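Engineer: Predicted model, plus sequence, below.
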Amino acid sequence: MEKNGAECCDVVCVHDELLQKVNAQLPQEEVLYDLAELFKVFGDSTRIRILFVLFEAEVCVCDLAEALHMTQSAVSHQLKILKQAKLVNSRREGKSVFYSLADDHVRTMIGQGLEHIEE
């Protein structure tokens, strides 16, 4: 049987033992919300492009803007979102601000996403 384009069971049969096991492993709602928010950050191709640049090196905002053919203001806006999500770090050197990946988890998440879509 299909409802709204998705296949459904023909009969209702709840598997209590399975549901107990699943519910015991299901993270708290707040954790699931935070995880969904993190993945929303990856939902913007500009932010993905910024992360790919940062895979190669620590880069100042000026160089990021030039590499991505964007204004510094637009890049800074996206970097703020990435920083709030703890995906990038920044440091000031004189009048320049340099950004880098926060840790290797960022590279792993993007790499696994790439691997998934290339299958």
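Structural biologist: Perfect, thanks for sending it. Residues are numbered from 1 along each chain as shown.

Engineer: Can you pull the phi/psi pair for Asp10?
Structural biologist: phi -80, psi -20 (degrees, to the nearest 10).

Engineer: Can you tell me how far it is from Leu18?
Structural biologist: Asp10 sits 18 Å away from Leu18, taking C-beta to C-beta, to the nearest Å as the criterion. Using the backbone N, CA and C atoms, a C-beta is placed for each residue, glycine as well.

Engineer: try Leu38
Structural biologist: Distance, Leu38 to Leu18, using C-beta to C-beta: 28 Å.

Engineer: out of the two, which sits in the busier spot?
Structural biologist: More crowded of Leu38 and Leu18, by other C-beta atoms under 10 Å: Leu38, with 13 against 9.

Engineer: The more buried one is in contact with Ala85, isn't it?
Structural biologist: Yes: using C-beta atoms under 8 Å, Leu38 makes contact with Ala85 at a distance of 5.9 Å.

Engineer: Brilliant, that's me finished.
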